[in-house]
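[1] build me a model from this:
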Amino acid sequence: MKNLFLLLLVSVLTMPVLAQKFEVPKDYTLELKEDYAPYEQDVIDAVEWLVSTAISDETKKRKEVNTFLMKWLTGSPNVMIEINSEVLPFMSKCSDCLMIFMGGWAEYSLKEKDFKNKLKGNLAGIEKVIEFYSKNKSSLGKIKSIENLIKMQKKGNLEEHIASQISKE
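    This next block holds a predicted model:
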């Protein structure tokens, strides 16, 4: 039991350090359908890096990570993200949050091998945005629409809210 606790403690303490060490793949090729699968773990790591790194830190690298992620997302044969302005009322206020949303959806899809569930994809994306926003609120400023999502999450009705928004499509 003592060893398990120590292992968990070490894992929790080293996780942020590992996320900070993400490097964008060099000379990646994304042309054929089969080009995308080898980069799936890189996509997951990229999303974690974007969320865990302060928005004001490593701005050049953030652009490189965003470029890689966007190229991968736009051509992925499996991960299909739908942008719904009703679900994403913050789109015009925070472009970084939009990338985090798409990355969160992709991360969920890849980890769960669930490529068709719009509700769970949207939920995962919004939860990543909330995490990112909470860590970067002082830099981003107050964004009322995200604050409202946080309130819904705390009340336990975020998923229900998202379901009602995507059912309007």
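
[2] next, count neighbours for the closest residue to Lys168 other than its chain neighbours.
    Once its chain neighbours are removed from consideration, Lys168 has its nearest residue in Glu86; the separation is 6.1 Å (CB to CB, 6 or more residues apart in numbering). In this view, the C-beta of every residue, glycine as well, is placed from N, C-alpha and C. Other residues near Glu86 number 13, with proximity taken as other CB atoms under 10 Å.

[3] got phi/psi on Glu86?
    phi -70, psi -40 (degrees, to the nearest 10).

[4] correct me, but it touches Gln165?
    Yes. Using CB atoms under 8 Å as the test, Glu86 is close enough to Gln165 to be in contact (4.2 Å).

[5] give me the distance from stretch 45-65 to the chain's centre.
    Stretch 45-65 has its C-alpha centroid displaced from the chain centroid by 11 Å (CA atoms, centre = their mean, to the nearest Å).

[6] same deal with stretch 126-142?
    12 Å.

[7] helix or strand with the lowest mean pLDDT in this protein?
    Taking mean pLDDT, DSSP states H and E as the measure, the chain has helix 2-20 as its least confident helix or strand, at a mean of 43.

[8] list the contacts of the residue nearest to Lys168.
    Contacts of Glu86 were listed using CB atoms under 8 Å, 6 or more residues apart in numbering, and they are Gln165, Ile166, Lys168.

[9] nearest residue to the most centrally placed residue in the chain other than its sequence neighbours?
    The chain has Gly104 as the residue nearest its centroid, 2.6 Å off, counting by CA atoms, centre = their mean. Sequence neighbours aside, Lys128 is the residue nearest to Gly104 in space, at 2.9 Å (criterion: CB to CB, 6+ apart).

[10] alright, I will stop here.
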